[in-house]
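Participant: Pasting a predicted model and its sequence here:
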Amino acid sequence: MAEKIPATVITGFLGAGKTSLIRHLVENNQGQRLAFLINEFGDLGIDRELLLGCGIEGCGEDDVVELANGCICCTVADDFLPAMEALLDREVPPDHILIETSGLALPKPLVKAFNWPEVRSRVTVDGVVTVVDAAAMADGRIATDPKAVQAAREADPALDHDDPLEEVFEDQLSCADIVVLNKCDLLDQDDVEPLLEGITAQLRDGTKIIRAANAKLDPAALLGLGSASEDDLHNRPSHHDGADDDHDHDDFESFVVGFGPVDDVDAFETRLSAAVRDHGILRIKGFLDRPDRDRREAIQGVGPRLHRYFDRDWKSDETRQSQIVVIGFAGLDRPAIEQAILG
């Protein structure tokens, strides 16, 4: 029997640095043929565009497959399995497959899908990597007090479902083979240690935690684990065990705001920050048309932090436009947010 192709599932909450981690792995792929499945929450394929804009050899249009606007853990039969089969059936199949879930996805149903007959004999889950935003955790935006959350879970399991963010986050941690505690450079060392203790309390025995800044670390620490995670599902507890892997994304919603060129980017960023603060926006990501620049500017934000950088030249055959995806809890006041952003 031919050796199975390894696949790494990269999961983690909104804005934790999953796409940055994948870009780093591409830049340091050591000659491997990599393929990518990118799962978005929202109508605009930002993460695929960010990868294609990296300009790295071996990261071409055919290598990056996007499963748009549907949670991969809910649509494995309709979306994930056909996409995976298409990659495996290529004339020259990849050496390794990287799968980025959306920030709202549960990893366990995806890992479970690797036991489907269509893929089980051909590919294996090399490992599940959960990326955590250390700075966001320190600010209490994932779990205000991880130790208190763990104690509450043990005292009253019904509390697990009080906060959908915590539920998703805990499922992502419990399925991990490795946790990457990212953005540690934004914190003092004394602030990192309590985060490590809180995360460790929620992990399975043997799960390792690696600290990182800008999602940069040795690829050998993440690839080639040989975990065969699909054979170890019973050791990866989920809030949705026994519920037919169904979970409700009605807790969240997203929409795209489209607009013209941005002349005064500082004023725009001020308006965007105010909209995030005033309307409880969890995550924004998108691209800006800067009329005085030949390059497209990417913008990303989680909580109050915004980050901008020029990722690639505008193509001659594409329409220059500004677009951002807004993600938050259900019930976002879209007209008010659009008015606040556009001014």
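Facilitator: Alright, I've got the coordinates.

Participant: quick one: residue 87 from residue 110, how far?
Facilitator: Between residue 87 and residue 110 the computed distance is 15 Å (CB to CB, to the nearest Å). Any C-beta I mention is one placed from the backbone N, CA and C, and that applies to glycine too.

Participant: again with residue 171
Facilitator: According to CB to CB, residue 171 stands 11 Å off from residue 110.

Participant: So which elements touch the helix or strand containing residue 110?
Facilitator: Per DSSP states H and E: residue 110 is located in helix 107-113. If you count contacts as 3 or more CB pairs under 8 Å, 6 or more residues apart in numbering; DSSP states H and E, helix 107-113 packs onto strand 5-12, strand 123-133, helix 164-174.

Participant: send the alpha carbons of the helix or strand following that helix over as CSV?
Facilitator: Under the assignment DSSP H and E, the closest C-terminal helix or strand after helix 107-113 is helix 117-120. Extracted C-alpha coordinates of helix 117-120, given in CSV (Å, rounded to 0.1, in the frame of the first residue of the first chain):
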residue,chain,number,x,y,z
PRO,A,117,-13.5,5.6,2.8
GLU,A,118,-12.8,8.2,0.1
VAL,A,119,-9.7,9.4,1.8
ARG,A,120,-8.8,7.0,4.7
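
Participant: Give the buried residues for helix 117-120.
Facilitator: residue 119 (16 or more other CB atoms under 10 Å).

Participant: Tell me which residues are up against it.
Facilitator: 81, 84-85, 88, 113-114, 230 (CB atoms under 8 Å, 6 or more residues apart in numbering).

Participant: show me where the stretch 51-200 of the chain has strands.
Facilitator: 64-67, 96-100, 123-133, 178-182 (DSSP state E, counting those that start in this stretch).

Participant: got the ones you listed as CSV, with distance to residue 307 columns?
Facilitator: Converted to CSV, the strands of the stretch 51-200 of the chain look like this (distance: least, CB to CB, whole Å):
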stretch, distance to residue 307
strand 64-67, 22
strand 96-100, 18
strand 123-133, 12
strand 178-182, 13
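
Participant: Redo those as TSV? Include distance to residue 28, mean pLDDT and mean neighbour count.
Facilitator: Output for these, formatted as TSV (distance: least, CB to CB, whole Å; pLDDT from 0 to 100; neighbours: other CB atoms under 10 Å):
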stretch	distance to residue 28	mean pLDDT	mean neighbour count
strand 64-67	17	55	22
strand 96-100	12	90	25
strand 123-133	15	95	25
strand 178-182	15	95	24
